[in-house]
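[1] Let's see this in three dimensions:
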Amino acid sequence: MAARRRTSSRFPFKSAVFAAVISIFLFRYFAPFRRKETLTLVSEGGKNETGRNNNNYIVRFREYKKAEDHRRYLESELGLGGGWEWIERRNPAMKFATDFGLVAVEGSVAERVVGEIGKLEMVKDVNVDVSYKRELLGVSGSGGGGGGGSFSDGKKRPGKIFTSMSFSEDEERHHAVAETSNSSIHWGRELLAQKSQVTSLFGADVLWSKGYTGAKVKMAIFDTGIRFDHPHFRNIKERTNWTSEDTLNDNLGHGTFVAGVIAGQDEECLGFAPDAEIYAFRVFTDAQVSYTSWFLDAFNYAIATKMDVLNLSIGGPDFLDLPFVEKIWEITANNIIMVSAIGNDGPLYGTLNNPADQSDVIGVGGIDYNDHIAPFSSRGMSTWEIPHGYGRVKPDVVAYGKDIMGSKISSGCKSLSGTSVASPVVAGVVCLLVSVIPESDRKAILNPASMKQALVEGAAKLSGPNLYEQGAGRVNLLESYEILKIYQPRATIFPGILDFSDCPYSWPFCRQPLYAGAMPIMFNATILNGMGVIGYVESPPIWNPSDEDGNLLNIHFTYSEIIWPWTGYIALHMQIKEEGAQFSGEIEGNVTLTIYSPPSPGEKTKRRSTCVLHLKLQVVPTPPRSKRILWDQFHNIKYPPGYIPRDSLDVRNDILDWHGDHLHTNFHIMFNMLRDAGYYVETLGSPFTCFDARHYGTLLLVDLEDEYFAEEIEKLRDDVINSGLGLAVFAEWYNVDTMVKMRFFDDNTRSWWTPVTGGANVPGLNDLLAPFGIAFGDKILNGDFSIDGEQSRYASGTDIVRFPSGGYVHGFPLLDSSESGATQNVLSNSGSGKADSPILGLVEAGEGRIAVYGDSNCLDSSHMVTNCYWLLKKLLDFTSSSARDPLLFSPSAKQDMAIYVDDNQLPSRRTDVNFSSYSAVLGQDLICRRDSRFEVWGTKGYNLHVRGRNRRLPGYPIIDLGRGLNSTTANPFKVKHSKVTERRNKGDTQGNHLLGILDMPVLVGSHWLVPAAIAITGL
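    Below is the predicted model:
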């Protein structure tokens, strides 16, 4: 079979051996180096020479070999022909060994051929060659988030989803920060220092005066390239092109600007390390497109040529692009310090970009010259761990990222803003700090962990922003310099303190104290191991209380026993024991954890270090049931891995739901409001069988996409009717015709994108609510309405089509924008007025109370038009305390007859989507995970497991918080309800191959597990 030309060679790796439970792999690399100008010619996906439509796939192998050897292996196993062909890659990395190949597969036989390749012994996995797309110099939209430059008018532009990069002053966005941020940001006040050299603000001149200028530091810049004769740079060592375009030059200006911030020498726009050796990796075309395979080759080349620092001012929400993510691990495992922008999707929370959200990467956020978090800077927490876990602290640090001066494309200077500008600021700082260490000692002292330790420990904490906005704080070059001067390899925990009294920095923990009987409070910290690329936990973490009161705290730990590369995690699951139900005060103490790493060359004993995490916690007596709200996190599904559409269809430039839908991400303002109203809000990341309903006033269900176990439906019915649990539901749109219309073909992943559900999973919600005679419809309603003078916007919400008699229902004349509603709207506009659509209902059900509303956009800070917190409070007052607002319970709203439609008029599930691929319910076991009360961990929950008692501590009486078994008396409601089963999607064969994710292994939240193949130097 004729091979498509792209290039071939070998990739020498330095020996690396890792033996534990994982396989042993050997990698070799060595490269003679000199200044080079290397062009790369590559082919993009689409049609081959014969005109056939081909899909390009990345085949990852278990060993590094010459590309030609990999090709011969595939040909020997698959034979020539058969609908596939090897794509030769012509780029600088091909003179080294490689761990992947690129193949083109005819679309008609793709499933069979990809399956055959994936089964081969020497093949690790097969993935679509995903394309990257960025708006490098422009920002569209006014609200942050969601793929900034990747979507336009509801359609996806070419390339993988990436958010906006840097932007110029006249393109800058202005945000209504008060509505979405915890910190106060005033952009009207600008200091005179705004146009100062950013290098002088960090004190770079102090290090320059000592002779440190970045000399002999190999700085890799992955961007849009640079021109070889640019007058601002004295040390451009090499330019390489990894794209399909026949040029090495920067024709956009972004790569040049980034290089200028790092190493420019023009007096008007000085860089931090003017003597650093610049290696420009052109990974984006002039159309701002890149492919995963281009990055993989470029990363391999960076490893082979022994780069010291790598700046990657890009990022996007897809942390499940496994070839990309795992190659980042390999980059840092080979002792390359990576710096990356955290994203320009602020001021929204839960908008961290990958790879900056990875623990081994230095993730950088942006601030202005007033030390305020820039509105465009993405906020944490990380969302890999949701729903069962809790996200990590990111960004790691922040740096100036507004109106920063840098080099123009040919000559001269200009200013840009964005976290992709803040990232090279930190990369320049890192370059300068690397040059402080003598070249002979660098590899022994400096690594991704030790550099991050120096940055976070030296950072200046800002007053106002919380830790998920600023991380450790603003980079402090001179403090980090002092730390590195005396640095000894050690392991630490970041953050090193959790102080409930330190508000707002410790938000959200400082907003809600601990109390007995609550769901565990989780805190996820990062272990930084400066002793070696691999480390081990010597023994389980230990809680060391400072006094007897500390014995009331029960901590369970989950942690990475193997710490690789350079980093791991330690998660604290904290509960107050039952005997502390009346305790009020502080609990203080330390968590200690001992880490060891293999000895370095010349050493005979293992390196050991004890990490300390200091806790200062606020505890209050257990609140009354009526003040306790339980938030359902378990039934939320977010992007990735599926096309989960945005809740408001009016938002055309942000079509994916990827912000986590967590109390502390895009619902953080609602969380603050509920706390201000005196409610205590807890999170449930496990099924409904895993909580004791008698402790809660209301179960709050907002914008949920998953299905429900049959046991959950039965338990919830019993909890409401017999145990008096309140239920508040905020639904979303669901219309199959509209979902089908939203389907489109992405030419970069060569696959169809189709929504796997609507804004919410209304058929699933209807099954859950069926015992109460409640159901939602499939209208997509939009419009303004007013209740008691409160103006509200209904944004792509649904209608109520079933509701029991005796309840109270409110309807308003709203426009139905669904496919099926278009004709009716035409008729209404041509003559009669719009009929009222029921959207809000309240009813008592046995001992409990239920409130349902068809829209959640008014609670979600992502794209909120108007908030409905006032309505939420009224509904919770009813569901939790039976308080009846006179307006909501007016006689005119009472239903003398039930609202009812036949089953065949209810929204139906899609039959062309394999929903089980995304669900935590379908095809899964019902089990209580580590976000649940300790006593039900690993069980099916209450009613199925009798809860144990805590040991009594001296001086503290035991207070019974309730038995483990809920009562299961007969249901007084005789409402016939449909049965939920997993059979609906059984037999579906078409499935949704969005981004090829169904062929990919699932990347779990605990992502510090060591892959089978590791490149480790120095072992």
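[2] can you map out the helices along the stretch 351-500 of the chain?
    Taking DSSP state H, counting those that start in this stretch, the helices of the stretch 351-500 of the chain run over residues 419-436, 442-445, 448-458, 467-470, 477-485.
[3] Format the ones you listed as a markdown table; extra columns: mean neighbour count.
    Where you see a C-beta, it was placed from the backbone N, CA and C, and this is true even at glycine. Listed next are the helices of the stretch 351-500 of the chain as a markdown table, based on neighbours: other C-beta atoms under 10 Å:
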| stretch | mean neighbour count |
| --- | --- |
| helix 419-436 | 30 |
| helix 442-445 | 16 |
| helix 448-458 | 25 |
| helix 467-470 | 26 |
| helix 477-485 | 18 |
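[4] Of those, which shows the lowest average pLDDT?
    Among the helices of the stretch 351-500 of the chain, helix 442-445 has the lowest mean pLDDT, at a mean of 90.
[5] Mind checking what secondary structure I587 has?
    Under the three-state scheme (DSSP: H, G, I helix; E, B strand; the rest coil), I587 adopts strand.
[6] Was I right to think it contacts E548?
    No. At 10.2 Å, I587 does not count as touching E548 under the criterion of C-beta atoms under 8 Å.
[7] that older thread, among the helices of the stretch 351-500 of the chain, which is nearest W507?
    With C-beta to C-beta, the closest approach to W507 among these belongs to helix 467-470: 7.5 Å.
[8] who touches the closest one?
    Identification of contacts with helix 467-470 by C-beta atoms under 8 Å, 6 or more residues apart in numbering yields 181-183, 349, 365, 367, 373, 377, 379-381, 393-395, 397-398, 461-462, 495, 505-507, 664.
[9] cool, stretch 863-877 as well?
    Applying C-beta under 8 Å, 6+ apart, the set of residues contacting stretch 863-877 is 143, 179, 629, 646-648, 650-651, 654, 669-670, 673-674, 677, 679, 697-698, 700, 726, 728, 787, 790-793, 795, 840, 842, 851, 853, 857-859, 883, 885, 888.
[10] just so I know, which of the helices of the stretch 351-500 of the chain lies nearest A516?
    Of the helices of the stretch 351-500 of the chain, nearest to A516 by C-beta to C-beta is helix 467-470, at 26.2 Å.
[11] one step back: distance to A835 added to the helices of the stretch 351-500 of the chain, as a markdown table?
    A markdown table is the format used below for those (distance: least, C-beta to C-beta, whole Å):
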| stretch | distance to A835 |
| --- | --- |
| helix 419-436 | 48 |
| helix 442-445 | 73 |
| helix 448-458 | 59 |
| helix 467-470 | 45 |
| helix 477-485 | 65 |
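[12] Between those helices, which one is closest to R802.
    Nearest of the helices of the stretch 351-500 of the chain (C-beta to C-beta): helix 467-470, 40.5 Å.
[13] Hey, what's the angle from the strand or helix carrying L572 to helix 448-458? Just curious.
    In the assignment (DSSP states H and E), L572 maps to strand 567-576. Using axes from the mean of the first three to the mean of the last three C-alpha atoms, to 10 degrees, one finds that strand 567-576 and helix 448-458 are set 50 degrees apart in direction.
[14] what packs against strand 567-576?
    strand 521-529, strand 553-559, strand 585-597, strand 607-619 (3 or more C-beta pairs under 8 Å, 6 or more residues apart in numbering; DSSP states H and E).
[15] and among those, the most buried is which?
    Highest mean neighbour count of the helices and strands packed on strand 567-576: strand 521-529, a mean of 24 (counted as mean count of other C-beta atoms under 10 Å).
[16] Given whatever helix or strand comes next after that strand, what are its sheet partners and their directions?
    Proceeding N to C from strand 521-529, the next assigned helix or strand is strand 535-537, under DSSP H and E. Sheet pairing of strand 535-537 (DSSP bridges) gives strand 562-563 (antiparallel), strand 585-597 (antiparallel).
[17] contacts for the helix or strand hosting S796?
    Taking DSSP H and E as the criterion, S796 maps to strand 790-797. Applying C-beta under 8 Å, 6+ apart, the set of residues contacting strand 790-797 from outside is 647-650, 731-733, 759, 780-786, 812, 814, 817, 839, 853-858, 863, 865-866, 868, 870-871.
[18] Just the buried ones among these, please.
    Neighbour-count burial (16 or more other C-beta atoms under 10 Å) applied to the contacts of strand 790-797 gives 647-649, 731-733, 759, 780-783, 785, 812, 814, 817, 839, 853-858, 863, 868, 871.
[19] Filter those down to the ones in helices?
    L871 (DSSP state H).
[20] residues near Y794, how many?
    25 (other C-beta atoms under 10 Å).
[21] should've said Y918
    Neighbour tally, Y918, other C-beta under 10 Å: 24.
[22] give me every residue that touches it.
    637, 641-642, 644, 756.
[23] re earlier: out of the strands paired with strand 535-537, which is closest to A518?
    strand 585-597 (14.0 Å).
[24] Using PDB, write out every CA atom in that closest one.
    Extracted in PDB, the C-alpha atoms of strand 585-597 (Å, rounded to 0.1, in the frame of the first residue of the first chain):
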ATOM      1  CA  GLY A 585     -16.300  26.300  68.400                       C
ATOM      2  CA  GLU A 586     -13.100  25.700  66.500                       C
ATOM      3  CA  ILE A 587     -11.300  22.500  65.800                       C
ATOM      4  CA  GLU A 588      -7.600  22.800  64.900                       C
ATOM      5  CA  GLY A 589      -4.800  20.500  64.100                       C
ATOM      6  CA  ASN A 590      -2.600  19.100  61.400                       C
ATOM      7  CA  VAL A 591      -2.800  16.300  58.800                       C
ATOM      8  CA  THR A 592       0.600  14.700  58.200                       C
ATOM      9  CA  LEU A 593       1.700  12.500  55.400                       C
ATOM     10  CA  THR A 594       5.100  11.000  54.700                       C
ATOM     11  CA  ILE A 595       6.300  10.600  51.100                       C
ATOM     12  CA  TYR A 596       9.400   8.800  49.900                       C
ATOM     13  CA  SER A 597      11.100   8.700  46.500                       C
END
